[in-house]
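> Fold the following for me, if possible:
(2 chains)
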Amino acid sequence: MPYRALFPRDLFADLDRLQREMQQSFDLSPNIRGLSRGFPALNVGGTPRSVEIYAFTPGIDPASLEVQIEKGVLTVAGERRVEAIPDKAAVHIDERFAGRFRRVVTLPDDVDSNAVEARYQDGVLHISIARKETAQPRRITIQ
Amino acid sequence: MTDRTEVSQTNEPTRNEAALLPPVDVIEDANGITLYADLPGVPKDKVSLHVEADTLTIEGEVALNLPEGMEPSHAEVALPRYRRVFTLSKELDSGKVEAELNQGVLKLRIPKAEHAQPRKVEVKVA
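Numbers count the residues shown, from 1 in each chain, chains lettered A, B, ... in the order given. Sure, this is the predicted structure:
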């Protein structure tokens, strides 16, 4: 009779892997904004001198992207067109986003909406907004 | 008779590193399959395509130009890596895969093997 282990080699590692796979396939990462995931995906970060926003917009003509700042609200909008499907072709998987999109981010109070830089590279729109000079920490000398 | 040359997929990671699953489109026509995958943030030199027997692995490393000392506050692309594994049908010629990456979109063209190409048979009138 062949020997068979009663337990998997490393039960906890297997459970851990299972949980990770579940989390990824359902994308249930804990998030205060709930499950809504629009297009494009956004990553936001900040440095003491600037606010950095990354919009993941692959395969878009940069000229069709609209970036707007109004009253402390940043809007990224545009349209993604997908190549026309040729005749007699069958679509087996259709997951990529197509159509018009718009995402809106409220900016912190200390940004300077006149000092914005936007760059599109490798399908990522990187928007860098400088913070106001007056908001920078200053050292006050004591007389 | 719809599933002649399916690209069936398995999501089993080949390595232990966690990776994001990129969205794809797969379109089949008479001569082969076209696969589009969204890999935003991946430069040309960080894409790796691997064909082994009948599995195709697409992998990409995200290389963002992050300023020094940046504190992330909200991340929807939370891992710096994409990976997806496909099982190719025997009808596809995995030796003739053509790939191009344009602004974060990977386009793969995999032709069908000679024997699987559609052929027109002449009907002779006796």
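
> contacting residues for the residue positioned nearest the centre of chain A?
Residue closest to the average C-alpha location in chain A (Cα atoms, centre = their mean): A:L42, at 2.1 Å. A:L42 makes contact with A:I53, A:Y54, A:A55, A:F56, A:V76, A:R103, A:V105, B:H74, B:E76 under the criterion Cβ atoms under 8 Å, 6 or more residues apart in numbering or on different chains. Every residue, glycine included, has its C-beta placed from N, CA and C.

> Where does chain A get nearest to chain B, residue-wise?
Using Cβ to the nearest Cβ, A:G123 is the residue of chain A that sits closest to chain B, at 1.8 Å.

> thought that residue was touching B:G41?
Yes - here A:G123 reaches B:G41: they are 6.5 Å apart, a contact under Cβ atoms under 8 Å.

> Please enumerate the shared neighbours of those two.
Residues within reach of A:G123 and of B:G41 at once, by Cβ under 8 Å, 6+ apart, are A:F56, B:G104.

> about what we covered before: nearest residue to the residue of chain A closest to chain B other than its sequence neighbours?
Spatially, and ignoring its direct neighbours in sequence, A:G123 is nearest to B:G104 (1.8 Å; Cβ to Cβ, 6 or more residues apart in numbering or on different chains).

> burial measure for the one you found, as a count.
B:G104 has 25 neighbours, counted by other Cβ atoms under 10 Å in any protein chain shown.

> Over to A:V51?
Other residues lying near A:V51 total 23 when counted by other Cβ under 10 Å.

> Can you give the contact residues for the strand or helix carrying it?
If you go by DSSP states H and E, A:V51 is part of strand A:50-56. The contact list for strand A:50-56 (Cβ under 8 Å, 6+ apart) reads A:40-46, A:74, A:76, A:103, A:105, A:107-108, A:111, A:123-131, B:40-41, B:64, B:66-67, B:70, B:76-77, B:104.
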